[in-house]
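>>> Need a 3D model of the sequence below.
(one chain, ligands or ions: 1)
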Amino acid sequence: MARHLLTLRDLAAEEITSLLDEAQAVADGDIPALNGAVVATLFYEPSTRTEMSFEQAARRAGAEVLHCDVEHSSVRKGESLVDTVRTFAALGTDVLVLRHPASGAPALAARHVRCAVVNAGDGMHEHPTQGLLDLLTVRQVKGRIAGLRVAIIGDVVHSRVARSAAWGFSRLGASVVLAGPATLLPVAAPVPGVEMTVSLETALSGADVVLALRLQRERQAAGDIPTSTEYTRLYGVSDPVLRRAKPDVVVLHPGPANVGVEITAEVAYGPRSAIIRQVENGVYVRMAVLRWALAPRTVRHGDAATPRRSPQGQHAAPVVG
Ligand code: NCD
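Prediction:
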């Protein structure tokens with residue numbers, strides 16, 4: 001039974017916590033055995049850390065990687081998403097990792113293949129593994145999630161990172177505030193109970209966690225922000241504005257960061273930044289997610305795993321555990 005990871009919205013608090021526990025176990029050296037499972041990476045948008053991190057996670061856990069270079073694939077000849085993902089399934093894919101500019105593309109793919117589909121970022125919708133690695137990083141630094149105040153700053157409306165983080169942190173009992181210029185905030189709160197404000201000062205007051213977002217210029221309309229200089233002056237995360245946050249605030253950024261625009265170099269490379277730790281944790285989270293996607297619901301660490309055959313019946317499926 002393949003399990004899809006399409007959103008954090010779909011996951012109960014217990015399931016998120018158990019994925020974080022698994023990822024922490026991986027960080028502590030308990031590498032899952034994916035025994036030759038086939039993990040395909042299909043990225044219709046640029047990526048450095050997410051794509052490399054999934055591939056690194058797959059390889060370290062003994063899976064095979066089927067990497068698709070979309071620019072040089074039949075997508076360029078007009079092949080549809082559904083035909084492309086069905087082709088990958090027929091090639092013996094067990095887990096299809098998909099990034100796409102259209103919100104909902106992984107959900108569409110999941111309806112057409114029997115292998116697991118993991119959303120690696122879909123348009124302005126969600127980026128669940130990024131949300132999990134943000135949670136893991138904060139849990140490591142702060143020792144908990146519940147009760148923290150998390151400020152997510154910047155281009156919220158276009159950010160799948162913001163949406164997954166808002167769902168994940170809220171589910172685990174943190175209070176979340178979204179802040180940015182009115183043109184870059186959603187009309188209504190995307191997650192029940194989250195606060196929204198145009199005031200950076202209000203958002204940062206008493207914050208335990210600050211998540212700075214990149215301006216998603218590829219998704220913005222002309223005129224969303226007058227100039228990036230003005231944006232930086234009003235919403236840039238810098239040492240002076242962080243004085244409003246708790247003294248032990250931890251600063252996150254999903255990367256790639258436009259250092260000097262949404263975050264200053266002092267903050268990005270300073271002692272409160274956990275940006276590099278986020279990248280490291282990304283590999284652990286993705287190993288845990290690949291195992292979760294492959295494992296039947298009843299299989300947990302230490303249980304006897306059951307071999308299964310892939311839906312196509314061509315590929316002897318891996319034993320995981
Ligand atoms: C983010 C993405 O692609 O959604 N990057 C990432 O996955 N680490 C954020 C961004 O591109 O701004």
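>>> what number of residues lie near the residue nearest to residue 27 when sequence neighbours are not counted?
Once flanking residues are discounted, residue 27 sits nearest to residue 284: 4.4 Å by C-beta to C-beta, 6 or more residues apart in numbering. Bear in mind the C-beta positions are built from the backbone N, C-alpha and C, glycine included. Neighbours of residue 284 under the rule other C-beta atoms under 10 Å: 25.
>>> do residue 161 as well
So residue 161, with other C-beta under 10 Å, has 26 neighbours.
>>> residue contacts, it?
Residues in contact with residue 161 (C-beta atoms under 8 Å, 6 or more residues apart in numbering) are 127, 130-131, 134, 211, 213, 254.
>>> Among those residues, which ones lie close to the ligand?
When contact is defined as C-beta under 6 Å from any ligand atom, the contacts of residue 161 meet the ligand at 127, 130, 254.
>>> Could you identify which of those residues has the most neighbours?
Among those, residue 130 has the most neighbours (other C-beta under 10 Å), with 29 neighbours.
>>> now that one, what's its secondary structure?
Following DSSP: H, G, I helix; E, B strand; the rest coil, residue 130 is assigned to helix.
>>> Which other helices and strands does whichever strand or helix holds residue 284 contact?
Using DSSP states H and E, residue 284 falls within helix 275-294. When contacts are defined as 3 or more C-beta pairs under 8 Å, 6 or more residues apart in numbering; DSSP states H and E, helix 275-294 sits against helix 13-27, helix 49-60, strand 95-100, strand 116-122, helix 128-142, strand 250-252.
>>> quick one: contacts of the first one?
Outside helix 13-27, the residues that touch it by C-beta under 8 Å, 6+ apart are 8, 11, 32, 132-133, 135-136, 139-140, 168, 171-173, 281, 284-285, 287-289, 291-292, 301.
>>> ok, now the third one?
Outside of strand 95-100, the residues that reach it under the criterion C-beta under 8 Å, 6+ apart are 2, 37-45, 47, 50-51, 54, 63, 81, 85, 88-89, 105-106, 109, 113, 115-123, 290, 293-294.
>>> From those, keep the buried residues only.
Applying 16 or more other C-beta atoms under 10 Å to the contacts of strand 95-100, the neighbour count classes 2, 37-44, 47, 50-51, 54, 63, 81, 85, 88-89, 105-106, 109, 113, 115-123, 290, 293-294 as buried.
>>> can you list the weak-confidence ranges in the stretch 151-300 of the chain?
296-300 (pLDDT under 70).
>>> Check it for the residue nearest the ligand and tell me.
Using C-beta to the nearest ligand atom, the closest approach of the stretch 151-300 of the chain to the ligand is made by residue 214 at 3.5 Å.
>>> Among the contacts of helix 13-27, which ones lie close to the ligand?
Counting by C-beta under 6 Å from any ligand atom, no member of those is near the ligand.
>>> Noted, bye for now.
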